Each structure stands twice: as structure tokens, then as C-alpha cells.
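J.: Next come a sequence and a model predicted from it.
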Amino acid sequence: MKRTLFPLLALIAVVCSCQGNSTSYVIKGTVRLADCEGCEVYLRHGRTTDTSVVQGGKFRFEGVAEEPEVARVIVFGPQMPKPNGPVVLEPGTIQVTVSEEMTVAKGTPLNNDLSALRAEIDDPRSPRYNRQLFAGHPNDILGVSPMLVLGRGNKPVFDSLYALAGDFVRNHPDIVREHERLEQLERTAIGAMFTDFTIEHGNADGSPASLSDYVGKGKYVLVDFWASWCGPCKEEMPVLKEVYKRFKGDRFEIVGIAVSDKRADTEAIVPELGITWPVIYDAQSIPTEIYGINAIPHIILFGPDGRIVARELRGEKIAETLSPLL
């Protein structure tokens, strides 16, 4: 009898323990919008989108989060989409109200903190809002976004926040990626020697292509990191064509590097855009990770010796930088 009872009690203890640590959440939503009966409501978190429908001015979501995460509730109505706001998916019942002004979530600890701060400071993009949010949540999910907003592209600020952050924030994938990117930006700052890379089939004929095939060979080299799907990249092409026409020669070259793009798409658009300078195809994320690039187009000027002369050149600034040198 004892042998039978002990495993049964152990099983009950395990079940109870699991239930006690449950991370299930329930979202009970109220929509205060005109003509929105039957509207679709999206709950977007990570790469997942859950869907509900407004019935009687209400909607509902249920789910389980492995750990608290920030989601967004979006209501698609007659004038869609309606204002949306952050909702923290955490254990408990979350009351969400969607109005013309904003989406407010309450009922659980992190959502209560977030809604209280938004009531005090109505601009979530302001430095004050983000500083205050991080100060109150240096070691949970609410500390991640303000750290990225305040420290993105600014290593001293990011490092100062990193020193104050707890392990949860430091180890969050978004923070890890930004930390690594800023380290790469520092290694490839103005004045630093270029960092080489090789793309296995990067040349037009399918042979390997390296940055060192062009950089460090005695010329100024303007390297344009771009993609066929990138609108601003295509808008920059007329400027680059004019610069190439004006400065091309023994002392100057342009090299295009196609990143995060399908090779066939790049090959198709090169003649369409009238690109006559060398292009390294199919580089994907290799160069953007090396040079800490998080948005394209990103244009870097390398000197004759291979050192970085300027970064993030755009528009008229390109010719203004080149003219004194050439």
C-alpha cells in the first residue's frame, strides 16, 4: 500500500506545482469604437498573431507565455487599423480597453505599471518616458524596449544602462544583438582599418568576391550596402550614378554589396537601375554583422590604405565628402 501511495502523492505534488507556476493569461477586451461589431482583433507577439472578433463590444484571448512578453492588440475596423498599444502577456486576467485615443491594459502587475506611466507621460517615444520605464524595470521585460530606444547607436549610453540592467534584460535576445552590434560599430568606426570578408559566389560569374578585392588597393572606395527591395536604396542610386560619373578613375571606385536579398532579384534590378560599378551579390547578413549595420542603405567611404574615412553617407553629403579628397 505504501509503495502505491507514494508515487500517487508525488504525482499530485508535481501537478499542483505545475499549476502553481502557470504562466497562462486571459485577455478580456472592451472596444469603445463606433461601427466595430464583428471587427477583427489581432494579438501580435513575437512571430505569432492570434485573432479574435468583437462581439457585443467585447473580445477575448487566452494563452500561455513561457515568460512575460510584450504584445500588441490591434483592432481592424471601418477606418483600420485603430490605435494600438502594448500589452504584457503575463499570468492573470488582463483587462484591455481600446478607444480612439489609445489601448490601455490593466489588471496584472506589469500592465498596471505600464498604464500608470502612460497616463503620466503620454509620449512613449520621449526620453523621459523611457528613462522612467527602465528605472522601474531594469530586470524584466519592460526594461528591454527603453534600453534599446535610449541606447541604440549610442554605445556610452547603452553601456551605462547595461551596467544597471539585471540578468533578464542583459540576456534578452534583442539586447544581446544590440550589444554585439555596438561592439562591431566600435571596431569599425571612422579611422579603423577595414575588416575583410569573402562571399563564396559573390561575383557576377559566380566566383568568390572579397571586400579586399577593392578596398586597400590605393583608391578611395565608396561601398554601398543595399538591396533590391529597399526603396531608400533605389532612391539613392541617381546620386551614386552622378558621383560615379564625376569621380570615377584611378583614385576612386564604387562597390555595391547586396545584403539580405535574393541573388536573382539583385541581378534583375542592377541593369534596371543603371548600375555600372562592381556589385558583390548574395552577401546576406555577413557584412552587416561585421560593420554593425541595422538599416540600409548604409554607405561607407574607405581610404586608399583601407581605413574608414566616413560612414552613413547619404545624398549631397557624399559629394561634399569626396570633393576635398579628389
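T.: Sure thing, it's come through. As the structure is a computational prediction, the values presented were derived from the model and not from experiment.

J.: Sketch out the helices for the stretch 1-150 of the chain, chain order is fine.
T.: 2-20, 109-120, 127-136, 144-151 (DSSP state H, counting those that start in this stretch).

J.: In this structure, where is pLDDT below threshold?
T.: Regions of the chain meeting the criterion pLDDT under 70 cover residues 1-23, 79-83.

J.: How is it partitioned into domains?
T.: As given by automatic domain parsing, the domain ranges for the chain are 23-107, 121-187, 198-322.

J.: Now do the end-to-end distance for the last one.
T.: The straight-line separation of the ends of domain 198-322 (CA to CA, to the nearest Å) is 27 Å.

J.: and if you look at stretch 138-151?
T.: End-to-end distance for stretch 138-151, by CA to CA: 14 Å.

J.: Next, the buried residues of it.
T.: Using 16 or more other CB atoms under 10 Å as the test for burial, stretch 138-151 gives 138, 140-151. From N, CA and C alone the C-beta is placed, and that goes for glycine too.

J.: from the chain's centre, how far out does that stretch sit?
T.: Distance of stretch 138-151 from its chain centroid, counting by CA atoms, centre = their mean, to the nearest Å, is 14 Å.

J.: One more: stretch 273-292?
T.: Centre-to-centre, stretch 273-292 and its host chain are 20 Å apart (CA atoms, centre = their mean).

J.: Kindly report the same for stretch 254-272.
T.: Computed by CA atoms, centre = their mean, the chain-centroid distance of stretch 254-272 equals 23 Å.

J.: do stretch 108-115 as well
T.: Relative to its chain's centre, stretch 108-115 lies at 24 Å (CA atoms, centre = their mean).

J.: how about it as PDB, C-alpha atoms only?
T.: Output of stretch 108-115 as PDB, limited to C-alpha atoms (Å, rounded to 0.1, in the frame of the first residue of the first chain):
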ATOM      1  CA  THR A 108      -1.700  42.500 -13.800                       C
ATOM      2  CA  PRO A 109       1.500  44.000 -12.200                       C
ATOM      3  CA  LEU A 110       3.500  44.900 -15.300                       C
ATOM      4  CA  ASN A 111       0.400  46.100 -17.200                       C
ATOM      5  CA  ASN A 112      -0.600  48.200 -14.200                       C
ATOM      6  CA  ASP A 113       2.900  49.800 -14.100                       C
ATOM      7  CA  LEU A 114       2.900  50.500 -17.800                       C
ATOM      8  CA  SER A 115      -0.600  52.000 -17.900                       C
END
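
J.: Any idea how far apart the tips of stretch 184-201 sit?
T.: Termini of stretch 184-201 sit 25 Å apart (CA to CA).

J.: roughly how far out does it sit from the chain middle?
T.: On CA atoms, centre = their mean, the centre of stretch 184-201 falls 21 Å from the chain's centre.

J.: Check stretch 247-259 too.
T.: Using CA atoms, centre = their mean, the offset of stretch 247-259 from its chain centre is 29 Å.

J.: Helices of the stretch 151-300 of the chain, start to end?
T.: Ranges of helices within the stretch 151-300 of the chain are 155-164, 167-170, 173-187, 231-247, 263-273, 286-290, based on DSSP H, counting those that start in this stretch.

J.: Out of those, which gets nearest to Val54?
T.: helix 173-187 (31.6 Å; CB to CB).
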